[in-house]
Structure formats: C-alpha cells, structure tokens
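Colleague: task: produce atomic coordinates for the following.
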Amino acid sequence: MSPTRLPVSFRRALRHARLSVLAAAVAVSITACGGGPGKSADQGGQAAVPVEVASARHQSVTANYSGTATLEAVGDAQVVAKTSGIVLKILVEEGQRVEKGQLLAQLDDEAARNKLAQAEATLKKAQAAFDKAEKGFELKITPRTQYDSDKYDLETQKAVAAGARLDLSYTRVVAPIAGVVAKRSIKIGNLVQVNQSLFQVVDLDPLEAVLNVPERDLDTLKPGQPVQMKVDALGGRSFTGTIARIAPVVEAASGTFRATCQFRDDSRQLKPGMFGRIEVAYDQRHDALVVPRTAVVEEDGEAAVFVIEAAPPKSAPAKPEAKAGKPGEAVAAEAPKPGFVAKRRIVKTGYAEGDRVEIRDGLAEGERVITIGRNAVRDGTEVQVLEHADAPATAAAATAPGKAA
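Modeller: Predicted structure coming up:
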C-alpha cells in the first residue's frame with residue numbers, strides 16, 4: 001500500500017519552519033563566538049571624542065571696528081519751481097553732469113516780462129516825480145511832506161521792479177549745485193506750480209557713510225583715520241576713505257555716537273544709496289599669540305579654551321588567552337596607544353581679526369586647542385585628535401618592545 005501523500009500547502013509550511021529554525025541556530029552560534037551586540041573593543045569603556053585641533057602661533061593681528069552703513073551724497077538738492085509757468089525747454093537729462101548755475105529748463109516768461117515792463121515804467125514815473133520834488137525842496141518851493149512822499153514812492157517802485165526782475169529770472173531753472181542729474185520730474189508742456197519738484201541734483205564726490213558706533217569705542221576712533229569699505233553691489237570691491245568727523249555727543253537712547261566716513265571715487269562707480277561694509281583699523285600688533293576664533297568659549301563673562309594634553313599612560317588589558325608563537329620565537333606584548341585629554345583653561349583675549357583671536361594670557365606658543373568638537377568635551381574628557389594640516393603629529397612614534405630603537 002502506498003504511503004499517504006501530504007497536501008502541497010502543508011509541505012510548504014513545513015519547509016518554512018525548518019528554514020526559520022536553521023536561521024535561529026546560526027544567529028545563536030555567531031553571538032556565542034563574537035560576543036553580544038553593543039560591546040566595544042575595550043569591553044564597554046567610553047570611547048574617546050574625536051576632535052580637531054590647532055596650534056597657538058605668533059602672528060600679526062589688527063584691531064578693527066566693523067560696521068555697515070548706506071552711502072549718502074554730501075550735496076543733494078531738490079530743484080523746485082519758484083514761479084508758475086509752462087515748461088518750454090528741457091536742456092538736461094538724468095545722468096548728465098551739470099555745473100552750478102547751469103540752465104536746466106526754461107519756463108514761459110511772457111507774463112513775467114510784461115510785469116517787469118510795467119514795473120520799470122512806473123519806476124521811471126516815480127523817479128521823475130522825485131527829481132522834481134527834490135529840486136523844489138532845495139529851492140524851498142516843495143514842502144517837506146511832498147518831498148518825503150515822492151521819495152517813499154520811488155523806493156517802493158524800485159522794490160517792485162526788483163521783484164518783477166527776480167520773477168523773470170525764476171523762469172530760468174538753474175542748477176543750485178554742481179553734480180549729476182539724478183531725477184527729472186517734468187516734461188515739455190507741463191504747467192508747473194510754485195514749489196513743485198522739477199529735478200534732483202546730487203554731488204557724487206565725495207560720498208559719506210554714517211556709522212553708529214557703541215560708546216565704548218569713543219576713544220578708539222579719531223577723525224582722519226583710514227577706513228576700508230566693501231560694496232556687495234560692486235562684487236565686493238574695496239574702497240578707501242577716511243573718518244571725516246566724530247559726533248561730540250553720545251545718543252542716550254541707543255548708546256552710540258555718529259562717525260561720518262568720507263569716500264572719493266574717481267571711477268564714479270559708487271552711488272548714493274549703496275550698502276557698504278566698513279572696517280576701521282585703529283591698532284596693530286605684529287607679534288601676537290593667536291588661535292582660531294572657534295577655539296574660544298565665552299561663558300559667564302570669561303573666555304576659555306580646551307587644551308590638548310597627554311593622558312596618563314594605561315597598562316595594556318590582559319587577554320584571556322595568549323597566542324602561541326612559533327617554536328623559538330618570542331611573543332611580543334601589544335603596547336598601549338598614547339591618549340589625550342581635554343583640559344579647560346581660562347584665557348585673556350585681546351584683539352580679534354577675521355577668524356583669529358589674540359590670546360594675551362593663559363596660553364603658550366605651540367599648545368594645541370580644540371577647534372572642532374569642543375562642544376562635546378568637558379574638563380578631563382578623553383579625546384581622539386584627528387590628523388589636521390595645522391596640527392603637529394599627535395604623538396611621537398612609539399618603539400615596540402622587542403625592536404631595536
């Protein structure tokens with residue numbers, strides 16, 4: 001009698017169960033041979049924190065004050081209409097340089113000329129009346145009251161004629177300062193009214209930028225000091241200027257004072273309204289001990305750095321089983337690797353320039369400080385110094401036992 005054949009589904013389930021049991025047995029075998037997960041090489045000891053370091057070096061450092069400001073034109077004139085009239089001519093356009101007194105536009109002057117003609121005719125009549133009264137007064141024919149009245153009439157008509165002459169001159173719109181036409185607000189045929197803006201003329205040489213400097217720097221900035229300004233709109237190009245003047249008072253609300261810097265640009269690339277980053281170099285030390293700015297920690301009003309020091313030597317851990325060497329060959333013991341610890345040290349800082357900070361006290365030349373990874377260490381933390389171009393070798397090569405030096 002043939003054996004009973006099992007169903008296909010049952011055979012598949014049995015095959016999967018066998019595979020699961022086999023996988024579990026392999027996992028148990030691997031765990032028993034290699035140790036449980038999470039065990040480190042030093043049987044659970046805390047791993048050293050990897051850090052990058054830099055050496056303290058003597059370099060030249062410059063004390064700078066940095067600030068931002070917007071350029072302003074020293075001369076900025078709004079040309080307004082001083083009389084009403086129709087615009088007949090426009091003689092300049094935006095971007096054109098003009099001189100002081102140059103004609104910019106011409107207004108209709110017919111009414112002003114008629115008014116001046118009437119005033120001059122009346123003036124002649126008053127002049128004739130006064131001449132007659134003056135002669136009569138000398139001959140004692142004209143009374144004093146008539147003489148005084150004709151004199152006052154003459155002075156009044158002189159003032160009226162002068163006013164009419166001035167109104168006529170106002171029909172010629174001229175530049176009040178030398179500079180560049182920054183804006184034209186009228187067109188030919190427009191009817192302009194008194195005090196209406198017609199042009200804007202700005203003087204581009206020199207330009208000024210006002211820095212609002214904290215009062216603690218009042219004694220460091222002086223008139224005449226050179227300044228450097230970088231303009232992002234011109235690709236970061238640098239321009240040289242000077243401090244033109246220092247405000248004699250400190251604003252109580254902001255605790256700052258105004259330092260006005262002046263710039264002259266023969267290339268005419270600087271424009272009013274441009275944003276600039278200004279640096280004022282007010283002192284320099286040629287042999288200062290400096291470290292990267294990232295190495296300095298500011299806490300509770302104190303500055304500190306983490307200095308790398310050699311850790312106390314550790315004995316090599318004992319191994320449960322010693323490897324047997326070849327007959328006649330000595331088995332060398334594994335030498336312990338040199339270690340390092342981070343030591344927090346209070347320092348006194350000085351000038352800061354770019355990414356460098358001067359250390360005035362608390363650090364010696366050649367000592368290495370942590371630049372990257374300092375937030376993960378505390379005083380006494382064991383660290384692993386990563387190889388870095390700026391750092392010297394982490395330790396001298398140790399001579400393994402059994403080898404000649």
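
Colleague: following the helix or strand of the chain with the lowest mean pLDDT, which helix or strand shows up next?
Modeller: Every helix and strand of the chain was ranked by mean pLDDT, DSSP states H and E. The lowest is helix 8-34, at a mean of 44. Next along the chain after helix 8-34, taking DSSP states H and E as the criterion, comes strand 49-55.

Colleague: give me the low-pLDDT residue ranges for the stretch 201-350 of the chain?
Modeller: By pLDDT under 70, the low-scoring segments of the stretch 201-350 of the chain are 314-338.

Colleague: mind redoing it with 90?
Modeller: Along the stretch 201-350 of the chain, segments meeting pLDDT under 90 span 205, 216-220, 236, 266-268, 281-287, 298-301, 310-339, 350.

Colleague: show me the domain layout of this structure.
Modeller: When the chain is parsed with automatic domain parsing, its domains come out as 46-78+207-312+337-394, 109-170.

Colleague: tell me which residues touch Phe199, please.
Modeller: Shown in contact with Phe199 (CB atoms under 8 Å, 6 or more residues apart in numbering): 78-79, 92, 104-105, 173, 175, 181, 183-186. Where C-beta positions appear, they are placed from N, C-alpha and C, glycine not excepted.

Colleague: revised request: answer the last question for Thr220.
Modeller: 63, 65, 282-283.

Colleague: now, of these, which are buried?
Modeller: Among the contacts of Thr220, those buried by neighbour count (16 or more other CB atoms under 10 Å) are 63, 65, 282.

Colleague: quick check: angle from the helix or strand where Lys343 lies to strand 49-55?
Modeller: In the assignment (DSSP H and E), Lys343 maps to strand 340-353. Relative orientation of strand 340-353 versus strand 49-55 (axes from the mean of the first three to the mean of the last three CA atoms, to 10 degrees): 50 degrees.

Colleague: buried residues of strand 340-353, list them for me.
Modeller: Buried residues in strand 340-353 (16+ other CB under 10 Å): 340-342, 344-345, 347, 349-353.

Colleague: so which elements touch it?
Modeller: strand 57-80, strand 275-292, strand 302-310, strand 356-361, strand 382-385 (3 or more CB pairs under 8 Å, 6 or more residues apart in numbering; DSSP states H and E).

Colleague: what about 10 Å?
Modeller: strand 49-55, strand 57-80, strand 275-292, strand 297-299, strand 302-310, strand 356-361, strand 368-372, strand 382-385 (3 or more CB pairs under 10 Å, 6 or more residues apart in numbering; DSSP states H and E).

Colleague: sorry, back to before: quick check: the farthest pair among the contacts of Thr220?
Modeller: With distances taken as CB to CB, the most widely separated pair in the contacts of Thr220 is Tyr65 and Asp283, at 10.2 Å.

Colleague: partners of the strand holding Lys343, with directions?
Modeller: Partner strands and pairing direction for strand 340-353 (DSSP bridges) are strand 302-310 (antiparallel), strand 356-361 (antiparallel), strand 382-385 (antiparallel).

Colleague: next, the buried residues of the first one.
Modeller: When burial is assessed from 16+ other CB under 10 Å, strand 302-310 yields the following buried residues: 303-308.

Colleague: ok, now the last one?
Modeller: Of the residues in strand 382-385, those buried by neighbour count under the rule 16+ other CB under 10 Å are 383, 385.

Colleague: quick one: closest of the strands paired with strand 340-353 to Ala233.
Modeller: strand 356-361 (28.3 Å).

Colleague: element containing Ser149?
Modeller: Secondary structure assignment for Ser149, by DSSP H and E: helix 144-169.

Colleague: what helices or strands is that helix leaning on?
Modeller: For helix 144-169, the packing partners by 3+ CB pairs under 10 Å, 6+ apart are helix 110-138.

Colleague: if we can go back for a sec, need the helices and strands packed on strand 340-353 in a markdown table with distance to Glu134, can you?
Modeller: Output for the helices and strands packed on strand 340-353, formatted as a markdown table (distance: least, CB to CB, whole Å):
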| stretch | distance to Glu134 |
| --- | --- |
| strand 49-55 | 98 |
| strand 57-80 | 43 |
| strand 275-292 | 68 |
| strand 297-299 | 90 |
| strand 302-310 | 91 |
| strand 356-361 | 87 |
| strand 368-372 | 97 |
| strand 382-385 | 108 |
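
Colleague: pick the most deeply packed of the ones you listed.
Modeller: strand 368-372 (a mean of 23; mean count of other CB atoms under 10 Å).

Colleague: mind listing what Phe381 touches?
Modeller: Check again: residue 381 is Thr, not Phe. 46, 48-49, 51, 306, 340-344, 370, 373-374 (CB atoms under 10 Å, 6 or more residues apart in numbering).
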